[in-house]
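J.: Attaching a predicted model along with its sequence, questions to come.
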Amino acid sequence: MKIGFVGLGFMGSPMAGHLAEAAKGSGDELIVWNRTPAKAKSAVEKGAELSSSIEQLASECEVIVTCVNRTEDVKEVIFQMMKSAKPNTLFVDHSTIAPKGAVEIGEALNVNSMRFVDAPVTGGSAGAIAGKLTIFMGGAELDVNEAIKITKPYTKVSDRVGGQGMGQTMKLANQIAGAGCLIALCECLAFAQKSGLDMAQARQLISGGAAGSWAMENYGPKILARDWTPGFSILNQRKDFAYCAEVAEEIQASIPCTMLVYELLGQLESDGRGEQATTALFDKISQT
């Protein structure tokens with residue numbers, strides 16, 4: 001099988017690397033493409049082939065995985081590939097986009113006798129590097145089963161959560177939960193700092209109790225080190241929260257905590273810190 005991978009950024013590059021290494025032992029072939037060819041270096045070093053064009057990749061592959069950014073970016077690359085892809089090609093998209101956008105992409109592909117699974121991921125760049133991402137998959141059952149097998153080299157947990165678009169809806173639910181964990185962590189450590197507690201000790205002790213969380217374990221050390229390198233950037237997090245707000249309005253759901261975090265991160269973005277990690281929220285909270 002020839003598998004294509006488009007989008008080799010913070011997340012896509014290590015994911016493609018895992019696929020390339022898995023292909024060595026399976027007889028499959030991984031073909032990659034990225035707007036900036038230099039970003040394909042890591043995957044190529046692990047055995048992937050760099051395609052000369054996105055159209056060429058689409059014409060050769062039975063399965064095409066995408067990992068880009070916004071809804072419009074996914075539409076652009078998939079609709080471009082749709083012109084040269086073969087019937088029955090399976091597209092698996094790991095980007096986080098609007099659920100409506102995923103449905104529109106799926107419908108366009110289905111009309112052209114192609115298949116689509118929206119499969120956003122969570123776990124951050126650390127999860128991608130370790131090959132331990134959680135994937136929420138939306139699509140036809142048989143297509144999802146195939147997508148689960150293809151993505152296994154970088155997956156910890158994956159499951160079908162419904163039809164096309166529902167993978168994105170589940171990812172937005174995940175982001176809403178993440179917003180609460182992030183602001184709670186930043187408030188906790190800012191409180192500890194201002195009250196004279198040892199912040200490292202507070203994080204260690206609290207992590208082992210009922211208030212422990214993935215954010216406390218993984219983001220806590222970054223805050224203690226004042227390390228704002230992404231991981232997951234403020235710009236990307238606000239992009240996801242904007243999709244959350246859009247869907248919440250459509251279904252009349254209340255997400256006040258998420259919108260507060262969206263606003264506070266927006267202040268950091270206005271300060272020119274949009275490329276920093278979301279944990280930079282600690283600075284905003286600790287200074288108030």
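T.: Looks like it came in fine.
J.: okay, CA-based contacts and neighbour counts for the rest of this
T.: OK.
J.: in this structure, which ranges drop under the pLDDT threshold?
T.: For the chain, no stretch is flagged by pLDDT under 70.
J.: For the residue nearest the centre of the chain, list each beta-bridge partner.
T.: Central residue of the chain (C-alpha atoms, centre = their mean): residue 121, 4.5 Å from the mean position. Taking DSSP bridges, one obtains residue 135 as the residues bridged to residue 121.
J.: isn't it right up against residue 131?
T.: No: look at residue 121 against residue 131 with C-alpha atoms under 8 Å: they stay out of range, at 11.5 Å.
J.: Tell me which stretches of the stretch 151-288 of the chain form strands.
T.: 155-162 (DSSP state E, counting those that start in this stretch).
J.: Counting residues, which helix of the protein comes out longest?
T.: Scanning the chain for the longest helix, with DSSP state H as the assignment, gives helix 166-194.
J.: Any buried residues in it, and which?
T.: 166-172, 175-176, 178-190, 192 (16 or more other C-alpha atoms under 10 Å).
J.: ok, now how distant is the residue sitting furthest away from the middle of the chain from residue 181?
T.: Relative to the C-alpha centroid of the chain, counting by C-alpha atoms, centre = their mean, residue 196 is the outermost residue, at 36.8 Å. According to C-alpha to C-alpha, to the nearest Å, residue 196 and residue 181 sit 23 Å apart.
J.: Compute the number of surrounding residues for residue 50.
T.: 19 (other C-alpha atoms under 10 Å).
J.: Secondary structure element holding the nearest residue to it once chain neighbours are set aside?
T.: Spatial nearest neighbour of residue 50, chain neighbours left out: residue 32 (5.0 Å); criterion: C-alpha to C-alpha, 6 or more residues apart in numbering. Assigned by DSSP states H and E, residue 32 belongs to strand 29-33.
J.: Skip the chain neighbours and tell me the closest residue to residue 212.
T.: Going by C-alpha to C-alpha, 6+ apart, residue 212 has residue 206 as its nearest residue, at 5.8 Å.
J.: picking up where we left off before, wait, the residue nearest to residue 50 sits on residue 52?
T.: No: using C-alpha under 8 Å, residue 32 makes no contact with residue 52, being 9.3 Å away.
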